[in-house]
Structure formats: C-alpha cells, structure tokens
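1. this is the structure alone, sequence omitted:
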C-alpha cells in the first residue's frame, strides 16, 4: 500500500495522540471504528500515514526514537495505545527562535520544556532532511505564539516542495502573501489553527449558528477555557495570545447573524491549572433575546481530553493534503481549511465547509481506488 510520508515539528501531546491513533486504527475493520470522521478516504486509511522525520527542541525528546519521544515529559495526554514498535526515526534538534516562552523556565521540568544542548539545524539542513526522508507533508505543532518559528518551517516546506499543514494560530494559509507563495509553487497548504473534533470553538460556532437560524438575537457571549498541559502553560504569556484570540474569536463572529461589539464577546484561553493535565474544561455563556424581546441565556460546560480531540481532524487533514498532491493541486485547500481550521483564508458555516470537504474528497475518488487496486 502507498504510504503517506509526513514530518512533524513539535513532538507534544497532540502528536502523541496522532501517532497513537495511526497505530490504534491500523488493524481495525470499518465495523470496529469509532471516533473518526472518515475511516477511508479514497483508499487511504489512518494506518497508511508514516512519520519519516520529526523535530523538537526538548532534550528528553531530541535523539530519541519518535515512538519513545511521544511519551516523554512534559507530555501528559491519555495513553490509549502504547504497544508501539520502534519507528526507526530519531527526533532531530529543530530551530528554537520564538518557540519557547520566556516564563517556561520558572516551572518544574515535568510541566515545562528543557532545552536540548544539541546544535540547532539550519534551514538548509532541515530542507535536506525533508527531501532525504521522502517527506510529502510537513505538520506544524509548535507552541502558540511561535510566529518566527512557524514562518521558518513554512519556508522550509516551500524550499523542500512539501505540503504544509499549519495546526497553530500563526497565519500562513490565511495570509495572502504566504498563500500566494504556496500557490505560485503549486504546493498544498491547509490552515490555520486546527479545530478539535468536539471542542470549545466548534461547539460555540454551532450554537451561534443555531441562534441565527432560529431567529434568536445574540447580544453577548464568552468562552473560558482552563487546562494543565504545556499549551496552557505557554499561553500564560499574554503577548503570545494575540493571534490565538483573534483566531478563536473570528471563528465565532463569522457565523453570527451580526458581528458583536468587542465588549460583548470574549473568547480565549483563560488559565493554567496544573492538575488538569491534558484535560480541557470549557465554559460557554450566551445571552440573547427571543420572540417579543424576551431575554434568555444558555450556559454550557464541556470537558474533553484536549489532544486526542484534535488527532482525528489532523488525520483527515493529512489525507486531504495527500489527495491534493496526487492531483497536482497546490495553494490553499479552501474546503479542508474551512472545515478543519478555526482561521481559514475564508470562513464558511460548518455545514457549508462539510459539503466542500466531501466534494473535495470525491473529486477523483473512483480514479484513486482504481489506481490503488492496480498497485496492489
């Protein structure tokens, strides 16, 4: 079977869940599968994804086999599949730039980063690793606020001529200048800022859209989130949150009947609670008016394991990027970006984005299945 060869930047909790999931679903039959939006996508299954290169900056991960590194501290997500063979892929030292918040050194090692003393790879060296490993798609899982580092790796993807999936709220696919660079080189890009499978933002969007469709006037709303993983610890440095807050807020504003004034909408990370580990708790409140201007309010509490909640979405994004590569299609993949990400180049309702993704997948589905059958 044809493999989808990926490289990953940042071997944190989300990548731990992703790699566990690739192997968890590898030997399952369609009848056994739960938790995926698509088990098979034009012949590609989750188990067809193969990690061929990995980069990090933590000394507990650099130099380790990637299947060991995903369980190293400070990773703290649920282990649902631990029987992993050696991958044969060692985690390489990446480029630091602004990938680490300055306050992280003030926290215990088990909760924070421990910088490796290995020399940082240059852009030329990283591009060589991507080419030599046969990487087809590069996934960005750097910490929130890694503006310079994200642009560095996006440029590496362009130079190595590999697709780029930007899972964090630094604007690449939604930045016209960057989008044009990928379009000019006919390289697929999906982004920005991955939505969870059943997370705070997707739920908030659905409720906001429901208010609109049912004629309820939304007057004010908030979304407050707490968690205990390194993502929440990293986000205690408020200056790293500008694009994260914009990404989450715009995702909700985009589906509202009318845009709320800034003072009437607050969406963003709220606090770090160490004992929550990878569990994320979200509180949503929405206030509005019904028929006859009668007031109403809705309050919701959502508790999810944060990292597995994004892994299934990432598996679909990877396969969509591979389909684009198979078709010779470059530039921003609008449907997958709109459905899988909080801050795409253009916002659509989730119903519209879902339809766009299904149409994208089916575009050459019959041809792809025939090709796979001939190859096997």
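-> Done, it's in. Given the structure is predicted, the values throughout are model-derived calculations rather than measurements.
2. so what pairs up with residue 301 in the strands?
-> Residue 301 has the following beta-bridge partners by DSSP bridges: residue 283.
3. ok, it - contacts?
-> 281, 282, 283, 284 (CB atoms under 8 Å, 6 or more residues apart in numbering). Any C-beta I mention is one placed from the backbone N, CA and C, and that applies to glycine too.
4. what subset of those is buried?
-> Listed as buried from the contacts of residue 301 are 281, 282, 284; burial here means 16 or more other CB atoms under 10 Å.
5. need the phi and psi values for the nearest residue to the second one once chain neighbours are set aside.
-> Looking back up the chat, that one is residue 282. What sits nearest to residue 282 in space, not counting adjacent residues and going by CB to CB, 6 or more residues apart in numbering, is residue 200, at 3.8 Å. When read as degrees, to the nearest 10, the backbone of residue 200 gives phi -60, psi -50.
6. report how many residues lie close to residue 200.
-> Residue 200: 27 surrounding residues under other CB atoms under 10 Å.
7. was I right about it contacting residue 280?
-> Yes: at 7.4 Å, residue 200 counts as touching residue 280 under the criterion of CB atoms under 8 Å.
8. secondary structure class for residue 100?
-> In three-state terms, and counting by DSSP: H, G, I helix; E, B strand; the rest coil, residue 100 is coil.
9. distance check, it against residue 278.
-> Per CB to CB, to the nearest Å, residue 100 is found 19 Å from residue 278.
10. who's more crowded, these two?
-> Taking other CB under 10 Å, residue 100 and residue 278 do not tie; residue 278 has more neighbours (25 against 20).
11. dump the residue contacts of that one.
-> Contact partners of residue 278, counting by CB under 8 Å, 6+ apart, are 13, 76, 77, 78, 227, 228, 229, 305, 306, 307.
12. just the buried ones from these?
-> For the contacts of residue 278, buried by 16+ other CB under 10 Å: 13, 76, 77, 78, 227, 228, 229, 305, 306, 307.
13. just checking, the second one touches residue 279?
-> What it means is residue 76. No: with contact defined as CB under 8 Å, residue 76 does not count as touching residue 279 (9.4 Å).
14. name the residues contacting each of these two.
-> Any residue near both residue 76 and residue 279 by CB under 8 Å, 6+ apart counts here, and that gives residue 228.
15. what's the closest of the contacts of residue 301 to residue 245?
-> Among these, residue 282 lies closest to residue 245 (CB to CB), at 14.9 Å.
16. wait, what's in contact with residue 98?
-> Residue 98 sits next to 145, 146, 147, 148, 149 when contact means CB under 8 Å, 6+ apart.
17. ok, now with 6 Å
-> Each residue near residue 98 by CB atoms under 6 Å, 6 or more residues apart in numbering is listed here: 146, 148, 149.
18. got those residues as JSON lines, with secondary structure columns?
-> Shown next, in JSON lines, are the contacts of residue 98 (three-state DSSP):
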{"residue": "146", "secondary structure": "coil"}
{"residue": "148", "secondary structure": "helix"}
{"residue": "149", "secondary structure": "helix"}
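19. filter these down to the buried ones.
-> Buried subset of these (neighbour count, 16+ other CB under 10 Å): 146, 149.
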